[in-house]
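Asker: I'll drop the sequence and a predicted model, then ask my questions.
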Amino acid sequence: MDPMTLIGQSSPLGYPAPYWFLVMFKVLGFILHMVPMHLWFAGILIAMHFRMSKHEYARTLSNRLMKQMPIIIALGVNFGIVPLLFMQVAYHKAFYPATILMAWYWLAIVLLLTVAYYGIYIYAAALKNGAGKMTRISLVSGWVSSVLFLAIGFIFSNGFSLMANIGAWPKLWESTSVAGAPLGIGLNLADHSLLPRYLMMFGLALLTTATYIAFDSAFFARKESTAYRKWAPAFAFRLYTVGIIWFVLTGSWYVFGTWPGNVRSAMFAMPTGILTIITAIGPGSVWLLLMLKFRNEISKPLALAIGIFQFAVLAVNAVSRQIVQNVEIGAYYDVTSEQVNIQWSPMILFLLLFVVGVGVVIWMLRKAVTEARQTIS
């Protein structure tokens, strides 16, 4: 079967905004989503592991991360709505067929996220009542939530990799359909880029978690002991080192072991090759900044610089990923060639609400910082 027959039809209404507008907010939203998403993707697993540690500061770090996690998850989920909506508008011809093929797993994300979110609230509530009052149910809830967030990430990786793996659709459809009707039980497991891509994202999550631990020790942990504020940056440095090694190994596997010829040519040709190089070596800049205060308390200006540099690392990674996605889908259709019928009223309303939303988020973060300084101990 020709994969082109499974690609969705162009909308007779066309794009409601220029393609550059759609992809800009898709990428921007994904960058904002990645920061808190990485903290629950890798941070909860680290926190739950440290919960069992006999090391005083490791347990302190665990408690600090998990007390903040309900707010972090709320921010991540809301930020994630933005790229998902723009994905559905700009890439509907590939997005909907891919998610129909794996419909039950895709719908299961809502259930898994709900259970995981409640699990974190149960655990955080137990911490608020006193770490000594942690029950078996609370501990189990934390571990279950950690596993569920890993599973959710795997489902998302399946969906977005399948969206670009259009050539695999016919075989997947034929093997998971009855009388031509897809059962929605397909997964992109045959795609050899799925696993390294998923593991590379976990490596990025380790980097972001390490950055946040250093940032937290400088801005939010003023009530902690000086010894803890010296230990946290040192641990962040070690975790970031592990994350870089993980990122390099899985990233090399992903790039050199799974990229088809057209993607490799596009990403290593100039000037895109410069972006590819920056994406690969970018984490090194954050590692060097963390090394400046290895085994010492970190200052607020340095912590802020580390946070900004890590945000830039995520940004170039998101841009590179977007280019790769366009090249992969571009082998079947040009996402930039759709008819544009600008809907000015929705665009203006969106921009106004976006500005208001950013203002609300900033206000919420300021309140959260004030609350964290007063209550986290």
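Answerer: Alright, I've got the coordinates.

Asker: shaky segments in the chain?
Answerer: Residues of the chain meeting the criterion pLDDT under 70: 131-133, 368-369, 371-377.

Asker: in it, which spans are helices?
Answerer: Secondary structure of the chain by DSSP state H: the helices cover 19-38, 44-51, 56-90, 92-101, 103-128, 136-164, 169-175, 194-219, 226-258, 261-268, 272-281, 283-292, 300-330, 344-375.

Asker: I'd like those helices laid out as JSON lines, including distance to residue 13.
Answerer: Quick note: C-beta positions are derived from backbone N, CA and C, even for glycine. Listed next are the helices of the chain as JSON lines, based on distance: least, CB to CB, whole Å:
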{"stretch": "helix 19-38", "distance to residue 13": "14"}
{"stretch": "helix 44-51", "distance to residue 13": "41"}
{"stretch": "helix 56-90", "distance to residue 13": "11"}
{"stretch": "helix 92-101", "distance to residue 13": "11"}
{"stretch": "helix 103-128", "distance to residue 13": "24"}
{"stretch": "helix 136-164", "distance to residue 13": "21"}
{"stretch": "helix 169-175", "distance to residue 13": "25"}
{"stretch": "helix 194-219", "distance to residue 13": "33"}
{"stretch": "helix 226-258", "distance to residue 13": "36"}
{"stretch": "helix 261-268", "distance to residue 13": "30"}
{"stretch": "helix 272-281", "distance to residue 13": "32"}
{"stretch": "helix 283-292", "distance to residue 13": "42"}
{"stretch": "helix 300-330", "distance to residue 13": "21"}
{"stretch": "helix 344-375", "distance to residue 13": "12"}
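
Asker: Just tell me which of those helices ends up closest to residue 338.
Answerer: helix 19-38 (7.2 Å; CB to CB).

Asker: what does the closest one rub up against?
Answerer: Contacts with helix 19-38, where a contact means CB atoms under 8 Å, 6 or more residues apart in numbering, come from 15, 72-73, 75-76, 79-84, 86-87, 89-90, 204-205, 207-209, 311, 314-315, 318-319, 322, 335-336, 338, 340, 347.

Asker: Likewise for stretch 335-346?
Answerer: Counting by CB under 8 Å, 6+ apart, residues outside stretch 335-346 touching it are 10-11, 13-19, 90-91, 93, 326, 329.
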